[in-house]
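Undergrad: need a 3D model of the following:
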Amino acid sequence: MKKLSFLFLITFGILVGFFTSTSAHAQDAAYAQEAGPDTVKVGCYIISLHNFNFREKEYTARFWLWMLYDSPNIEFHDDVEIPNAKTLNFDAMVDDSTAGYKWIQLKITANMKETWNVKDYPFDEQELEIIVENSKYDARTVVFIPDTVGQYFDPDFVVEGWNIKEFKVGTGISHYATGFGDGSLDKPESDYSKFIISIKLERSAWGLFFKIFLGMYVAFAISFVSFWVDAEHTESRFALPVGGLFAAVGNKYIIDSYLPESSAFTTVDILHGATFVSIFITIAFAALSLKYEDGGNLKLSHKTDKIVRLILGVSFIVFNIVVVANSIYS
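TA: Below you'll find the predicted structure:
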């Protein structure tokens, strides 16, 4: 009888323990569902931005990235990714803890994709975005918040040829129209938290402007000189503007070799187009002046040259000023 009582007590204890454990697990699951995803604080410190390549639509960024979190159930060692990077290298990794938080710090070199806006080149502004995600945890599990304490880059940090106009960090959600094979989703769609580094750059343009357009302006000046050549010197009168036209076309091709292909009509296209038209006008009126010369009307020939060179010269200068000003202040 005592043995039966003892066995009954043991069985009863096991059953009580089982139901208590099951209840506790259910409560933990309910709490986790109510608590929502884990929060991860993400910060950055830019080391350098370089290798700006407009033709290949890319640049290189080197920076430190760190994550602070207190959940023991998540890890970030091998799952950090930058979706808008061509290539990604992790140069260093620090795995530590601070103030009760897990602390992962990564030194990253990324070859970034960029769609450059060259409409106002060389007076252009560019807004670079570096997007950081985690491929292992979606937004149901982990959400990012920005670490805004301290500076995002060294005060002496310089991007060659550019001024940093604005620098900010933030977070958001990347939506993907696929579940990546996850059968637990109601719809084959998924959301991932993202950390966004946004850098607005303004080009230091005047030196570059004169460097790339000097050849074009010299080409126009060569053709413009022909208005002071008498129509009787036919060869010189036509050779100067034709030579200037070839020089302007060559200058245009050189500049285009550095820029990405674009369907938009850029400042470079407008200024070169105006130069081509101006040189064509010079050649057209050289032919008209020659016609007056051959007809014995030398006075009208000289008068035509004076009027056209005044109108054309002033118009060309004013047009260039307006286009450049619009590019600067647009």
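
Undergrad: which parts of stretch 188-203 are buried?
TA: 190, 192-197, 199, 201, 203 (16 or more other C-beta atoms under 10 Å). Where you see a C-beta, it was placed from the backbone N, CA and C, and this is true even at glycine.

Undergrad: of these, just say which sits nearest to residue 267.
TA: Nearest to residue 267 among those is residue 203, at 12.1 Å by C-beta to C-beta.

Undergrad: tell me what that closest one is bridged to.
TA: Beta bridges link residue 203 to residue 162, judged by DSSP bridges.

Undergrad: cool, and residue 130?
TA: Counting by DSSP bridges, the residues bridging with residue 130 are residue 197.

Undergrad: where does residue 55 sit: helix, strand or coil?
TA: The assignment at residue 55 comes out as coil when based on DSSP: H, G, I helix; E, B strand; the rest coil.

Undergrad: tell me which element the most centrally placed residue in the chain falls in.
TA: By C-alpha atoms, centre = their mean, the chain has its centre lying nearest to residue 128, at 3.8 Å. According to DSSP states H and E, residue 128 maps onto strand 125-134.

Undergrad: which other helices and strands contact that strand?
TA: The elements that strand 125-134 packs onto, with contact taken as 3 or more C-beta pairs under 8 Å, 6 or more residues apart in numbering; DSSP states H and E, are strand 38-53, strand 58-69, strand 80-81, strand 101-113, strand 162-176, strand 190-203.

Undergrad: who does the longest one touch, helix- and strand-wise?
TA: Contact analysis of strand 38-53 by 3+ C-beta pairs under 8 Å, 6+ apart lists strand 58-69, strand 125-134, strand 142-146, strand 162-176, strand 190-203 as its packing neighbours.

Undergrad: 6 Å - rerun?
TA: When contacts are defined as 3 or more C-beta pairs under 6 Å, 6 or more residues apart in numbering; DSSP states H and E, strand 38-53 packs onto strand 58-69, strand 142-146.

Undergrad: average pLDDT for the first one, rounded please.
TA: The one in question is strand 58-69. Strand 58-69 shows a mean pLDDT of 94.

Undergrad: could you give me the buried positions within it?
TA: The neighbour-count check on strand 58-69 (16+ other C-beta under 10 Å) flags 58-61, 63-69 as buried.

Undergrad: equivalent analysis for stretch 103-111, please.
TA: Judged by neighbour count using 16+ other C-beta under 10 Å, the buried positions of stretch 103-111 are 104-111.

Undergrad: what's the answer for stretch 134-143, then?
TA: In stretch 134-143, counting by 16+ other C-beta under 10 Å, buried: 134, 137-139, 141-143.

Undergrad: C-alpha coordinates for it, PDB please?
TA: Presented in PDB, the C-alpha positions along stretch 134-143 are these (Å, rounded to 0.1, in the frame of the first residue of the first chain):
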ATOM      1  CA  ASN A 134      20.500  41.600 -42.200                       C
ATOM      2  CA  SER A 135      19.700  38.600 -44.400                       C
ATOM      3  CA  LYS A 136      19.000  36.300 -41.400                       C
ATOM      4  CA  TYR A 137      16.300  38.200 -39.500                       C
ATOM      5  CA  ASP A 138      13.300  39.900 -41.000                       C
ATOM      6  CA  ALA A 139      11.300  42.800 -39.500                       C
ATOM      7  CA  ARG A 140       9.200  40.300 -37.500                       C
ATOM      8  CA  THR A 141      12.300  39.400 -35.600                       C
ATOM      9  CA  VAL A 142      14.700  42.400 -35.600                       C
ATOM     10  CA  VAL A 143      14.200  46.200 -36.100                       C
END
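
Undergrad: what lies in contact with stretch 136-148?
TA: With contact meaning C-beta atoms under 6 Å, 6 or more residues apart in numbering, stretch 136-148 is reached by 37-43, 79, 169-171, 173, 190-193, 195.

Undergrad: what about burial for those residues, which qualify?
TA: 37, 40-43, 169, 190, 192-193, 195.

Undergrad: so which of the helices and strands packed on strand 38-53 is nearest residue 186?
TA: strand 142-146 (19.5 Å).

Undergrad: give the contact list for residue 173.
TA: 139, 191.

Undergrad: okay, now residue 166: neighbour count?
TA: 11 (other C-beta atoms under 10 Å).

Undergrad: make that residue 276, sorry
TA: Close neighbours of residue 276, defined as other C-beta under 10 Å, add up to 17.

Undergrad: phi, psi of it?
TA: Here is the backbone geometry of residue 276 (degrees, to the nearest 10): phi -60, psi -50.

Undergrad: next: residue 56.
TA: Main-chain dihedrals, residue 56, degrees, to the nearest 10: phi -90, psi 0.

Undergrad: residue 159 versus that one, what's the distance?
TA: 18 Å (C-beta to C-beta, to the nearest Å).

Undergrad: go on, residue 98?
TA: Distance from residue 98 to residue 159, by C-beta to C-beta: 31 Å.

Undergrad: dump the buried residues of stretch 188-203 to CSV, plus pLDDT.
TA: Putting the buried residues of stretch 188-203 into CSV (pLDDT from 0 to 100) gives the following:
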residue, pLDDT
190, 88
192, 92
193, 94
194, 95
195, 96
196, 96
197, 96
199, 95
201, 94
203, 92
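
Undergrad: nice, that's everything, thank you.
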